[in-house]
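Colleague: Make a model of this:
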Amino acid sequence: MARDFRQAADAVAAQIAAGRLRPGDRLPTQRAFARRYGVAESTASRVYAELTRRGLVVGEVGRGTFVRAAAPAADPALAEPGTARVDLELNYPVTPGQPEALAAGLARLARPDVLGAALGPSGAGGTAAARAAAAELLARPGWAPDPAGVLFAGNGRQAVAACVAALVRPGGRLGVEALTYPVVKAIAARLGVTLVPLECDAEGLLPGALLAAHRAAPLGGLYVQPTLHNPLGTTMGPGRRAELAAALRESGLPAVEDAIWAFLRADAPPPLAAYAPERVVLVDSLSKRLAPGLTAGFAATPAALTARVSAALRSGGWTSAGYALAAATGWIGDGTAAALSAAKREDARLRAELAAEALAGLAVRSGPCSYFCWLELPPPWRADTYVAAAARRGIAVTPAASFVVGSHSTPAAVRIGLASPPPPVLRRALDTLAELVRTGPDDLGPE
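Modeller: You can find the predicted model right below:
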C-alpha cells in the first residue's frame with residue numbers, strides 16, 4: 001500500500017520538532033525526497049504542500065524549500081500589537097502631550113446635548129460639519145477635495161476595503177505595487193479580488209507596467225501609495241504622478257490613492273488625485289495623525305464614484321461611528337489634528353535620522369520623515385532567519401514576505417518600524433539589528 005502523504009509529512013515534522021532539521025535547513029528536491037521515502041513524485045509534492053500549510057517550511061522561488069526559522073504568527077503581520085519586548089513591526093506614533101491634547105476635545109462631547117447627537121446613527125456622508133472639517137484636513141498645496149465627495153469609514157483600512165469593493169467586482173483584478181501594504185492583501189482575499197503586482201523603480205510605480213498589465217487582462221482598478229510608500233519609503237515626483245494620471249486616463253481605470261502616511265511629507269508634490277481628479281479616490285485616516293483607538297477614515301471621492309463608494313461603506317458595515325466622527329470633527333476644527341501632525345512630522349524626522357546613524361553602511365531604503373525603513377540583508381541572511389534571530393534578542397521586525405504580492409521571489413529584506421518605542425530604546429534596538437546583520441547567521445554564538 002502506498003504511503004499516505006500525511007504520514008511522510010508527519011515524519012518530516014517529527015524531525016523538525018526533534019531538532020534534527022533546524023531552522024534554515026534546506027529540504028531535498030521533491031524528486032530526491034520521493035526516492036528517499038519511496039513515494040511517487042506527486043506524493044512528494046503533496047507532502048511539501050502539507051508542510052507549507054502547517055507553517056513548518058517556506059518555499060523560495062529558484063532556491064528551494066527551507067525549514068521555517070519560527071512558527072508563523074497566529075495573526076497576520078501588522079494586524080495586532082506584537083508581544084516582543086521592542087516592537088519594530090507596528091507603527092503607532094505617540095508624541096508628548098498627545099493624551100492631554102485629545103482629552104480637551106473629548107471633554108466637549110460630555111455635554112448632554114452634544115453627546116446625544118454624537119450617539120445617534122451616522123451614515124457614510126457624516127455631517128456637513130464633518131465633511132467640511134475633513135476637506136480642510138485633507139487639502140494639500142495644489143489640491144483640495146470637494147466636501148460633498150468626502151465619505152467616512154471607521155478607519156483607514158475600512159475606507160480602503162470599501163473603495164476596493166466599490167471599484168473591483170468579485171473575481172476581478174486590482175493592480176498594486178509589487179511590494180504593497182499587507183492589509184490590502186487580506187482585503188483582496190476576503191473580497192475575492194486578485195492582486196496583480198506591478199513593476200516599480202526607485203521613484204515608485206511604473207505607468208507602463210500598469211498599461212501592460214491592463215492590456216494582458218483587464219484590471220478593475222489600481223491601489224497605489226505615491227507618498228511614503230509602505231514599506232519602501234519612496235515618494236513619486238510630480239512628473240511620475242502626471243505620467244501615472246495619463247495612464248489612468250488612457251486605460252479608463254479608477255485608482256485608490258493611499259495617503260495615510262502622506263501627512264509626514266509636507267514637501268511632497270500634490271496628491272495623485274490632483275492630477276486625475278475624475279479617476280482617483282484619496283484615502284486617509286486619523287489613526288497615525290492622532291491615535292488608533294478613536295479614529296475615522298476618509299475617502300475623498302470624485303462625483304462619478306461617490307455613490308458606489310458610499311454604497312460599499314454601508315453594505316460592508318464600514319461607516320464611521322457617530323461619536324468618533326464628532327470627536328474627529330472637533331479635533332480638526334480646534335487645531336489639535338494639525339498640531340499633532342506637525343509634532344509627528346518632527347518626531348519622524350528625528351527617528352529617521354537616528355535610524356540613518358545606527359544603520360549607516362547597510363543597504364537601507366527610506367524617506368525623510370518616514371516612520372519605517374526597508375533593510376536589505378546581505379547573503380547568507382534570509383528574511384525569516386533574520387526575523388527569528390532578532391526575535392531571540394527581543395526585537396520584532398516584519399519580513400519581506402508580508403509585503404510581496406503573488407508568486408514573485410521574496411527579497412532578503414525586512415521592514416523596521418520606528419514609531420512605537422521611546423527613542424533611547426529604539427536606538428539600542430537598531431544598534432542590535434545592525435550588529436546582527438554584520439555578524440551573520442553562521443557566526444552566532446549561543447544565546
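
Colleague: buried set for stretch 280-292?
Modeller: For stretch 280-292, the neighbour count (16 or more other C-beta atoms under 10 Å) marks V280, V281, L282, V283, D284, S285, L286, S287, K288, R289, L290, A291 as buried. No exception for glycine: its C-beta is placed from N, CA and C like everyone else's.

Colleague: And stretch 9-17, by the same measure?
Modeller: A9, V12, A13, I16.

Colleague: State the three-state secondary structure for V281.
Modeller: Following DSSP: H, G, I helix; E, B strand; the rest coil, we place V281 in the strand state.

Colleague: Quick check: beta-bridge partners of it?
Modeller: Counting by DSSP bridges, V281 forms beta bridges with V256.

Colleague: so how far is V183 from it?
Modeller: 17 Å (C-beta to C-beta, to the nearest Å).

Colleague: Equivalent analysis for L174, please.
Modeller: For L174, the distance to V183 - C-beta to C-beta - is 13 Å.

Colleague: of these two, who's got more company?
Modeller: A count of neighbours by other C-beta atoms under 10 Å puts L174 above the other of L174 and V183, at 24 against 18.

Colleague: Is that one in a helix, a strand, or coil?
Modeller: Quick answer, by three-state DSSP: L174 is strand.

Colleague: go on, P23?
Modeller: coil.

Colleague: My read is that it contacts A389, right?
Modeller: No - between P23 and A389 there is no contact under C-beta atoms under 8 Å: 9.4 Å.

Colleague: between the two, who's got more neighbours?
Modeller: Shown here are P23 and A389; by other C-beta under 10 Å, A389 has more neighbours (23 against 16).

Colleague: what's next to the helix or strand hosting that one, contact-wise?
Modeller: Using DSSP states H and E, the element containing A389 is helix 383-392. Helix 383-392 is contacted by residues 23-24, 58, 66, 68-70, 84, 377, 396-401, 410-414, 432-433, 436-437, 441, 444, 447 when judged by C-beta atoms under 8 Å, 6 or more residues apart in numbering.

Colleague: how distant is that helix from the center of its chain?
Modeller: Relative to its parent chain, helix 383-392 has a centroid offset of 20 Å by C-alpha atoms, centre = their mean, to the nearest Å.

Colleague: who are the neighbours of the helix or strand following it, in terms of helices and strands?
Modeller: Downstream of helix 383-392, the next assigned helix or strand under DSSP H and E is strand 395-396. The helices and strands touching strand 395-396, judged by 3 or more C-beta pairs under 8 Å, 6 or more residues apart in numbering; DSSP states H and E, are strand 86-87, helix 423-439.

Colleague: one step back: the helix holding A389 relative to helix 423-439, how many degrees between them?
Modeller: 130 degrees (axes from the mean of the first three to the mean of the last three C-alpha atoms, to 10 degrees).

Colleague: just checking, G367 touches R265?
Modeller: Yes - in this structure, G367 is within contact of R265 by C-beta under 8 Å, at 7.2 Å.

Colleague: Now do the shared contacts for these two.
Modeller: L228, T235.

Colleague: on that earlier part again, so can I have a markdown table of the helices and strands packed on strand 395-396 showing distance to A213 and mean neighbour count?
Modeller: Shown next, in a markdown table, are the helices and strands packed on strand 395-396 (distance: least, C-beta to C-beta, whole Å; neighbours: other C-beta atoms under 10 Å):
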| stretch | distance to A213 | mean neighbour count |
| --- | --- | --- |
| strand 86-87 | 36 | 21 |
| helix 423-439 | 35 | 16 |
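
Colleague: right, so of the ones you listed, which gets closest to E199?
Modeller: Closest of the helices and strands packed on strand 395-396 to E199 is helix 423-439, at 27.2 Å (criterion: C-beta to C-beta).

Colleague: Let me see the mean pLDDT of the closest one.
Modeller: Computed over helix 423-439, the mean pLDDT rounds to 96.

Colleague: Which other helices and strands does it contact?
Modeller: Using 3+ C-beta pairs under 8 Å, 6+ apart as the test, helix 423-439 ends up in contact with strand 86-87, helix 336-358, helix 383-392, strand 395-396.

Colleague: For the third one, buried residues please.
Modeller: Going back to what we said before, that points to helix 383-392. So helix 383-392, judged by 16+ other C-beta under 10 Å, has buried residues A383, D384, T385, Y386, V387, A388, A389, A390, A391.

Colleague: gap between the third one and L21?
Modeller: Just to be clear, that refers to T385. Distance from T385 to L21, by C-beta to C-beta: 14 Å.

Colleague: Same question for the first one.
Modeller: Relative to L21, A383 is positioned 19 Å away (C-beta to C-beta).

Colleague: Would you enumerate the residues in contact with the nearest residue to L244 once chain neighbours are set aside?
Modeller: Residue nearest to L244 in three dimensions, not counting chain neighbours: P207, with 4.8 Å by C-beta to C-beta, 6 or more residues apart in numbering. Listed by C-beta under 8 Å, 6+ apart, the contact set of P207 reads R240, E243, L244, A246, A247.

Colleague: Ok, G367 next?
Modeller: L228, G233, T234, T235, R265, A352.

Colleague: for A324, same thing?
Modeller: G154, L294, T295, A296.

Colleague: do R351 as well
Modeller: Y371, L418, A419, P423, L426.

Colleague: In TSV: these, plus distance to A144.
Modeller: Listed next are the contacts of R351 as TSV, based on distance: C-beta to C-beta, whole Å:
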residue	distance to A144
Y371	26
L418	30
A419	28
P423	35
L426	36
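
Colleague: quick check, nearest of those to P302?
Modeller: The shortest gap between P302 and any of the contacts of R351 belongs to Y371, at 29.5 Å (C-beta to C-beta).

Colleague: Distance to A124 for the buried residues of stretch 280-292 - can I get that in CSV?
Modeller: Putting the buried residues of stretch 280-292 into CSV (distance: C-beta to C-beta, whole Å) gives the following:
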residue, distance to A124
V280, 18
V281, 13
L282, 16
V283, 14
D284, 15
S285, 15
L286, 17
S287, 19
K288, 22
R289, 21
L290, 21
A291, 23
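
Colleague: any idea which of these is closest to V168?
Modeller: Using C-beta to C-beta, the buried residues of stretch 280-292 come closest to V168 at V281, 12.1 Å.

Colleague: Does the closest one touch V256 like I think?
Modeller: Yes - contact criterion C-beta under 8 Å: V281 and V256 qualify, at 5.3 Å.

Colleague: what do the two both touch?
Modeller: C163, L167.

Colleague: Surely P380 touches P441?
Modeller: Yes - if you go by C-beta under 8 Å, P380 and P441 touch, sitting 6.2 Å apart.

Colleague: Please name the bridge partners of R26.
Modeller: Going by DSSP bridges, R26 forms beta bridges with F66.

Colleague: Quick one: neighbours of it, just the number.
Modeller: Using other C-beta under 10 Å, R26 has 13 neighbouring residues.

Colleague: from the contacts of R351, which two are the most distant?
Modeller: The farthest-apart pair in the contacts of R351, when distances are taken by C-beta to C-beta, is Y371 and P423, at 12.6 Å.
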